[in-house]
Structure formats: C-alpha cells, structure tokens
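Novice: here's my sequence, what's the structure:
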Amino acid sequence: MDYKKCFEKFEDQNVFVKTTKVPAIDGNLKVALNRKGNVLYNSGDIEGAKRIFLTTGYSDGLSRIGDYYKSEGRYLDALRMYWIAPDHTKSEPIIMQLSNLLKDLIHEEEGDYPDE
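Specialist: Sure thing, here's the model as predicted:
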C-alpha cells in the first residue's frame with residue numbers, strides 16, 4: 001500500500017504520519033543532536049527542538065514538547081508528542097478526556113443524556 005498517496009489529501013492540514021522507519025543515526029551524532037535540541041528547547045525554540053527530537057526519537061524531549069503544548073492548551077499536539085514518545089502515563093488522561101467529550105457530543109446529538 002502506498003501510504004504517501006493515501007495521505008496526500010491532508011498535506012495542507014499540517015498533519016504528520018508516523019512511520020516505523022527510524023533514520024540510522026550514529027550514536028555520537030544522536031547525542032549531539034539531542035543536546036542541540038535541549039538548547040533550542042531551553043531557549044524557547046520549541047518547534048526547532050521538536051524537529052530534532054522527532055528525528056532522533058528522543059523520548060524525554062518529545063514528552064517535554066508534549067508538556068509544553070499541554071500547558072498552552074494544545075491538547076491534540078500534546079497527545080501526538082506523548083504518543084510518539086511513547087509516554088502512556090501522559091497520553092492516557094488526554095485520551096480519556098477526548099473519549100468523554102465524544103461520548104457527551106453523541107448523547108447531545110441524540111438528545112439522550114446518561115444518568116449521572
């Protein structure tokens with residue numbers, strides 16, 4: 001299946017597709033990139049740090065990016081970072097909130113509210 005073709009219609013929506021292909025990065029280069037990402041993060045360049053952490057697969061960095069997004073109220077962006085990290089401890093509460101929201105919307109649409 002050509003995944004690239006499947007997602008072409010979403011190109012203008014600033015979304016990404018997670019793949020299992022991890023670029024082969026030399027250990028020393030990975031360490032240097034992660035340090036650079038930490039410097040960018042600490043200086044406030046969150047998006048620059050995110051690009052590096054996504055490239056290297058640095059879980060802690062991705063989780064911190066998720067924390068930043070969550071503090072800004074960007075819950076879906078936070079969830080993406082937690083999911084890629086993977087940090088289930090932080091992703092599961094957001095998933096539960098979204099599940100409850102969807103459940104409430106469905107009940108509201110149907111005019112049916114569950115007993116509380």
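
Novice: and L102, how close does it get to Y75?
Specialist: Using CB to CB, to the nearest Å, one gets 13 Å for the distance from L102 to Y75. Bear in mind the C-beta positions are built from the backbone N, C-alpha and C, glycine included.

Novice: of those two, which one has the most company?
Specialist: For L102 and Y75, the more surrounded residue by other CB atoms under 10 Å is Y75, and the numbers stand at 15 against 10.

Novice: so the more buried one makes contact with M96?
Specialist: No: with contacts defined as CB atoms under 8 Å, Y75 does not count as touching M96, sitting 11.6 Å away.

Novice: separation between the spatially most central residue of the chain and H107?
Specialist: Closest residue to the average C-alpha location of the chain: R80 at 1.8 Å, with CA atoms, centre = their mean. With distances taken as CB to CB, R80 is found 27 Å from H107.

Novice: what of D45?
Specialist: Computed as CB to CB, the D45 to H107 distance reads 43 Å.

Novice: what helix or strand is A24 on?
Specialist: Secondary-structure assignment from DSSP states H and E places A24 in no helical or strand segment.

Novice: the longest helix belonging to the chain - contacts with which helices or strands?
Specialist: Here the longest helix in the chain is taken by residue count, with DSSP state H as the criterion, and it is helix 88-110. The criterion is 3 or more CB pairs under 8 Å, 6 or more residues apart in numbering; DSSP states H and E, and the helices and strands that helix 88-110 contacts are helix 59-71, helix 75-84.

Novice: tell me which of those lies nearest to E8.
Specialist: Evaluated over the helices and strands packed on helix 88-110, closeness to E8 peaks at helix 75-84, with 19.8 Å, by CB to CB.
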